[in-house]
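Peer 1: I'll drop the sequence and a predicted model, then ask my questions.
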Amino acid sequence: MTSAVQISNRKALPPPTERYTILGWLQKNLFDGWFNSLLTVVILLLLVALLRPLFNWAFNTAEWAVIPANFNLIFRGQYPEDQAWRLWLALYLLAFVIGFAWAANTKLIQGELIVVFAIPLLLMLVPFFTSGTRINLLIVEAAALVGYAIGRYVPEKRSNLGVWALLVYAVALLFILRGGSGETGAWAAVPTNLWGGLLLSLLLAVFGIVISFPLGVLLALGRRSKLPAIRMISVLYIEFIRGVPLITLLFMAQVMLQLFLPDGFPTIDRALRALAAITLFSAAYTAENVRGGLQSIPKGQYEAANALGLSSFQSMTLIILPQALRAVIPVLVGQFIGLFKDTSLVALVGLFDLLGIARTILGNPNWLGTHREVYAFIGLIYWIFSYMMAYTSRRIEARLAVGNR
């Protein structure tokens, strides 16, 4: 039975009009006392003073016609128009694989799933999209639903099929974009120097992250190895790469990478050289982040693994490394977001990524004076993908209870 003392010590709830109305929320959070009220008014006045000219430019002065006129150039670069159907094919398969992997991993219908499936439908509302683009977006939506429906039949013990599907898709994506060996036809070869815009930026970021992550984990383990040779090689690599800026590695890869390959080896194009530099750069920072996670694991975890009779490999892969990676998820995602934005540096070595395409558009006499519009749209694209990565990181952290013991 609850005592009278306990009841009197409880904090009295505000009236329902203050708990469940917008007016009550405003009073509690923005106008709770004279100081908070004054601070709220001052901030509102500052926002009005700052945002009013911005809105006036965005809705009255800006020449947004530059975006729809160069929409294809921004998103696919100089990829041939007659081969653009391959990009849609890649999106169909991506939607199918995402739906399949999601359903194979969890059978629950979550809010994030609804948001992901709503993206193609929301894009269909963009006013300057053609009817053909809207039909393709509808096919993307249908492919995602079909993949999700098939993934629902995957047994729980086979949930890793979703990961394998993503890996197979990564290989198939390169074949789809690159094409065959001929120069003409429906499956003509499209060299990577024609890839550009958002397509190139995403490929460099995604493959740079995927390839550099296992390499960084190996380097972190090598730096903590008891073998002097392996530890010294790992330390030298990490400290050398972290001691030079990314732009230096990009120029070195463009000029010197072919010198390290045997005679007669096919010439590596500029996009793959840039990817090699980005991967090597990211691996060094990933190694240090993972090493920090390994050092945070208590010594008792190692002793417990030894007490269970596990080998060094088993204890590292089954006990130590999963805990270390779980602890450094926020740091790793922050690094990957920075890597995605750092891909803009490839414009300095002659590649037409998002930033390079923006400079190309601004060089067109028809669009002189539209710097603010173009860079604002490019910045919005970078922000959208960076926020998606950050949001995914927060959801993973919440599911794994990162920071909670």
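Peer 2: Here it is on my side, so go on. Numbering: from 1, shown residues only.
Peer 1: Could you use CA atoms for every contact and neighbour count after this?
Peer 2: OK.
Peer 1: Can you pull the poorly scored residue ranges out of the stretch 1-150 of the chain?
Peer 2: In the predicted model of the stretch 1-150 of the chain, residues 1-20, 107-112 satisfy pLDDT under 70.
Peer 1: How are the helices of it distributed by residue range?
Peer 2: Secondary structure of the stretch 1-150 of the chain (DSSP state H, counting those that start in this stretch): helices at 4-9, 16-19, 22-29, 34-56, 66-69, 71-76, 85-105, 111-123, 131-151.
Peer 1: Quick one: closest of those helices to residue 315.
Peer 2: Comparison of these against residue 315 by C-alpha to C-alpha identifies helix 85-105 as nearest, at 25.3 Å.
Peer 1: which outside residues touch the closest one?
Peer 2: Residues from elsewhere that reach helix 85-105, judged by C-alpha atoms under 8 Å, 6 or more residues apart in numbering: 136, 139-141, 143-156, 158-163, 165-166, 169, 173, 176-177.
Peer 1: now these: which count as buried?
Peer 2: Applying 16 or more other C-alpha atoms under 10 Å to these, the neighbour count classes 136, 139-141, 143-149, 151-152, 154, 159, 161-163, 165-166, 169, 173, 176-177 as buried.
Peer 1: Could I get the contacting residues of residue 170?
Peer 2: For residue 170, no contacting residues are found, by C-alpha under 8 Å, 6+ apart.
Peer 1: check which helix or strand covers it.
Peer 2: Taking DSSP states H and E as the definition, residue 170 sits inside helix 161-178.
Peer 1: Specify the angle between that helix and helix 85-105 in degrees.
Peer 2: Angle, helix 161-178 to helix 85-105, by axes from the mean of the first three to the mean of the last three C-alpha atoms, to 10 degrees: 180 degrees.
Peer 1: and the next element down the chain from helix 161-178?
Peer 2: Next along the chain after helix 161-178, taking DSSP H and E as the criterion, comes helix 197-223.
Peer 1: what's the average pLDDT for that following helix?
Peer 2: Here helix 197-223 scores 91 as its mean pLDDT.
Peer 1: In contact with residue 273, which residues?
Peer 2: Counting by C-alpha under 8 Å, 6+ apart, residue 273 has contacts 250, 253-254, 257.
Peer 1: now with 6 Å?
Peer 2: Taking C-alpha atoms under 6 Å, 6 or more residues apart in numbering, we find residue 273 in contact with 253-254.
Peer 1: Can I take it that it is in a helix?
Peer 2: Yes - using DSSP: H, G, I helix; E, B strand; the rest coil, the assignment for residue 273 is a helix.
Peer 1: How much space separates it from residue 280?
Peer 2: Using C-alpha to C-alpha, to the nearest Å, we find residue 273 at a distance of 11 Å from residue 280.
Peer 1: Is it possible to get TSV of the helices of the stretch 1-150 of the chain that adds distance to residue 348?
Peer 2: Below are the helices of the stretch 1-150 of the chain laid out as TSV (distance: least, C-alpha to C-alpha, whole Å):
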stretch	distance to residue 348
helix 4-9	66
helix 16-19	55
helix 22-29	48
helix 34-56	30
helix 66-69	23
helix 71-76	17
helix 85-105	26
helix 111-123	32
helix 131-151	32
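Peer 1: Nearest to residue 345 among these would be which one?
Peer 2: With C-alpha to C-alpha as the yardstick, what comes closest out of the helices of the stretch 1-150 of the chain is helix 71-76 (16.4 Å).
Peer 1: which SSE is residue 351 in?
Peer 2: Using DSSP H and E, residue 351 is not contained in any helix or strand.
Peer 1: May I have the phi/psi pair for it?
Peer 2: Dihedral pair for residue 351: phi -100, psi 140, per degrees, to the nearest 10.
Peer 1: same question, residue 353
Peer 2: Main-chain torsions, residue 353, degrees, to the nearest 10: phi -80, psi -160.
Peer 1: For it, give the beta-bridge partners.
Peer 2: Assessed by DSSP bridges, residue 353 has beta-bridge partners residue 197.
Peer 1: Quick check: it touching residue 203?
Peer 2: No - with contact defined as C-alpha atoms under 6 Å, residue 353 does not count as touching residue 203 (10.1 Å).
Peer 1: tell me the domain ranges of this protein?
Peer 2: Per automatic domain parsing, the domain ranges recorded for the chain read 4-61, 80-167, 190-405.
Peer 1: Pipe these into CSV and attach distance to residue 71 per row.
Peer 2: Output for the domains of the chain, formatted as CSV (distance: least, C-alpha to C-alpha, whole Å):
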stretch, distance to residue 71
domain 4-61, 18
domain 80-167, 9
domain 190-405, 10
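Peer 1: Now the single longest helix found in the chain: buried residues?
Peer 2: In terms of residue count, the longest helix belonging to the chain (DSSP state H) is helix 371-400. Neighbour-count burial for helix 371-400 flags 373-375, 378, 382, 386, 389-390, 393-394, 397 (criterion: 16+ other C-alpha under 10 Å).
Peer 1: Same list, the residues you listed, but as CSV with distance to residue 211 and pLDDT please.
Peer 2: Converted to CSV, the buried residues of helix 371-400 look like this (distance: C-alpha to C-alpha, whole Å; pLDDT from 0 to 100):
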residue, distance to residue 211, pLDDT
373, 35, 90
374, 32, 91
375, 30, 91
378, 26, 92
382, 21, 92
386, 19, 90
389, 17, 87
390, 20, 87
393, 19, 83
394, 23, 82
397, 23, 77
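Peer 1: Need the max-distance pair from those.
Peer 2: Farthest-apart pair in those is 373 and 397; separation 35.9 Å (C-alpha to C-alpha).
Peer 1: so how far is residue 373 from residue 59?
Peer 2: From residue 59 to residue 373 the distance is 11 Å (C-alpha to C-alpha).
Peer 1: again with residue 38
Peer 2: Distance of residue 38 to residue 373, computed by C-alpha to C-alpha: 36 Å.
Peer 1: Leaving out sequence neighbours, find the closest residue to residue 221.
Peer 2: Nearest residue to residue 221, sequence neighbours excluded (C-alpha to C-alpha, 6 or more residues apart in numbering): residue 291, at 7.4 Å.
Peer 1: I'm done for today, thanks for sticking with me.
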